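Asker: Quick one: sequence plus predicted model below, questions after.
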Amino acid sequence: MRWSKSCIPTFKENPAEAEIPSHRLMLRAGLIRKLTSGVYTFLPLGFKVIKKIEGIVREEMDAIGCQEVLMPVLHPIEIYEESGRLGSFGPELFKLQDGRQRTFALGPTHEEVITMIARDDMKSYRTLPQCLYQILIKFRDEIRPRYGVVRAREFIMKDAYSFHQSAESLDETYRAMEGAYRRIIERCGLSYRIVEADSGYIGGDESHEFVVLAGSGESTILSCSCGYAVNIERAAGRELETPRGARSAGAFERVHTPGMTTVEQVSGFLSVTPREVVKTLLYRAGDRDVAILIPGDRELNDIKLVRMFDGEQVRFLDDGEIKRLTGGPVGFSGPVGLSAETAVYADNLVKGYDSMIVGANEADTHLRGVKAGRDFTIAKFEDLVWAREGDLCPKCGAPLTKSNGLEVGHIFKLGTKYSRAMNAEFLDEAGKSHPFIMGCYGFGISRMVAAAIEQLHDKDGIVWPQSIAPMPLIVLPVNSNDAEIRDTAYRLEEEFERCGIETLLDDRDLSPGIKFKDADLVGIPYRLTIGKKLKDGMVELLHRSSRRVEEIPVAEAVERTMERIKT
Ligand code: ATP
Ligand code: MG
């Protein structure tokens, strides 16, 4: 492949629109171009990477016995009405009308379509289990498309769906899929964590996310050396159960805390640790006022809060409402003396308190030595705070460490959610019908390109692992006007191609400096430089990842380079 006649439009400047390295590098290295918000073209180098990743995914899916199919992108809206997903997908579903005013959706995922296939064509237990997969463009009208192809509105996904007679059979396929996903990411040369996704919330079924580690990834995870990992959004704050605050024998005392509205001010003034102070946060949930208690050194996780109130509108009380509810100004709220209609909820960590320091619902005053159960009532303990690094692993008790990454895959035990909603049943040995037990397994092919770059780049550009590099080798003649250098480069390129090594020949009439910079930017694993040393019969092989340089005789260039590429 000759660069001068290829669409590999590189550039030097950092594009203002790109916030994370992979997005910047994908634009700069000429892998993608934006058409409109969240919609991208993959140019030749980018598309080659897509095809490499697809190849690995396909091999691993086939290896565990999945069958490849191709489902339509255009879906009649009625199938979403049937599954009940019209509401839950909500605004993310792209809708359009045909010439006869019938409404269609552009497939965001294919549970409905595949469940219809199973319903019509897998009627007997004898045909089960089966797992079908496809690699196809998906459409989702993401509220905030960002980071280039990481969160796009049109993206490439591998999605697989399995159908089973029993939970054990589903479990078997689920484990096989987990293994396949591990191998896919390992073959792509990336480090990752398998994160336990929240199951209770979605309905008790098992679910795991595969997160490729990268500093600026959207997902923050807490993980443990024992293998446990969890998305920080869902992780519970867990600490050593040390009782907080001095055990108070008698009643609480009132302390004068002039102008001290923050935990830092109050704890500093009273010479206690911030965690001895308990924050009281006041919200309106639906049509009720509620107070939420959390340790002074923690932050409330609003995702958990919204979940606790199960779809009700939740908002902060404003200053006037706080005054009316508690009688005191903002910054001095506390649970003691609130009206009986104001339910008090507390984070699980508050269980460990023997006594606490809280606001007195009165200006410039706090209460010290307050005891739950004696001085006020807690309606319910819940997991409500953001977990953080150092919190304890629920599996083994060791401290968790924090890292960031990008979710590239998600496997899920669906159970009978879709098969019940859509009446998809099979007949068992006794001729009795049952809804299919299902699993679904998504893998973000186009996001994976970004994830790989996010994890593997340096200050000069992309550092592709060979398995998914657009091609393994770039041949770089430093001076295309020197006939000997140019002819050698052309000859080598042809020889490599003949040997089945896909090669990019940088035949552009540009300065060596620009060509070296571009080669680093596009990140091809091996660079064979044909330069001045050719006079002495030598060429140079650079390993992009280590920047190690080997001088090799030109006569052995093909053989030696191929040895490197093959190992
Ligand atoms: P997210 O939490 O990132 O929105 P999701 O839970 O909506 O992901 P799934 O429906 O499980 O994602 O889709 C499977 C995979 O498809 C994801 O793991 C991810 O790799 C990819 N994916 C999902 N949404 C997008 C998107 N908007 N752009 C690119 N890839 C995506
Ligand atoms: Mg999503």
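Answerer: Perfect, I can see it now. Ligands and ions are numbered 1, 2, ... in the order given.

Asker: wouldn't residue 211 be in contact with residue 192 here?
Answerer: Yes: using C-beta atoms under 8 Å, residue 211 is in contact with residue 192, at 6.0 Å. From N, CA and C alone the C-beta is placed, and that goes for glycine too.

Asker: what do those two both touch?
Answerer: Taking C-beta atoms under 8 Å, 6 or more residues apart in numbering as the contact rule, residue 211 and residue 192 both touch 405, 408.

Asker: near ligand 1, which residues of the chain show up?
Answerer: 109, 140, 142, 151-152, 155, 157, 407-410, 442, 444, 446-447 (C-beta under 6 Å from any ligand atom).

Asker: try 8 Å this time
Answerer: 38, 108-109, 138, 140, 142, 145, 149-153, 155-157, 159, 209-210, 218-219, 406-410, 412, 442-444, 446-448 (C-beta under 8 Å from any ligand atom).

Asker: Just the ones of these in helices?
Answerer: 446, 447, 448 (DSSP state H).

Asker: Starting from residue 152, give me the distance back to the residue lying closest to residue 154 once chain neighbours are set aside.
Answerer: What sits nearest to residue 154 in space, not counting adjacent residues and going by C-beta to C-beta, 6 or more residues apart in numbering, is residue 39, at 5.1 Å. According to C-beta to C-beta, to the nearest Å, residue 39 and residue 152 sit 7 Å apart.

Asker: what ranges do the helices span in the stretch 351-500 of the chain?
Answerer: For the stretch 351-500 of the chain, the helices defined by DSSP state H, counting those that start in this stretch cover 417-421, 445-455, 483-498.

Asker: Following element in sequence after the longest one, please.
Answerer: Later in the chain than helix 483-498, the nearest helix or strand by DSSP states H and E is strand 503-505.

Asker: Packing partners of that next one?
Answerer: Strand 503-505 sits against strand 473-477, helix 483-498, with contacts defined as 3 or more C-beta pairs under 8 Å, 6 or more residues apart in numbering; DSSP states H and E.

Asker: List the residues that contact residue 227.
Answerer: residue 395.

Asker: So residue 39 and residue 152 - more neighbours on which side?
Answerer: residue 152 (25 against 14; other C-beta atoms under 10 Å).

Asker: Next, the residues that contact the helix or strand containing residue 293 from outside, please.
Answerer: Under the criterion of DSSP H and E, residue 293 resides in strand 288-295. Here strand 288-295 makes contact (C-beta under 8 Å, 6+ apart) with 244, 275, 278-284, 300, 305, 317, 321, 325, 333, 335, 338, 341-347, 349-350, 358, 378, 384-385.

Asker: ok, of the residues you listed, which come out buried?
Answerer: Among the contacts of strand 288-295, those scoring as buried are 244, 275, 278-284, 300, 305, 317, 325, 333, 335, 338, 343-347, 349-350, 358, 378, 384-385 (criterion: 16 or more other C-beta atoms under 10 Å).

Asker: residue contacts, the residue of the stretch 351-500 of the chain found nearest ligand 1?
Answerer: Closest contact between the stretch 351-500 of the chain and ligand 1, by C-beta to the nearest ligand atom, is at residue 444 (2.2 Å). Residue 444 is in contact with 155, 156, 157, 407, 408, 409, counting by C-beta under 8 Å, 6+ apart.

Asker: rerun at 6 Å
Answerer: 157, 408 (C-beta atoms under 6 Å, 6 or more residues apart in numbering).
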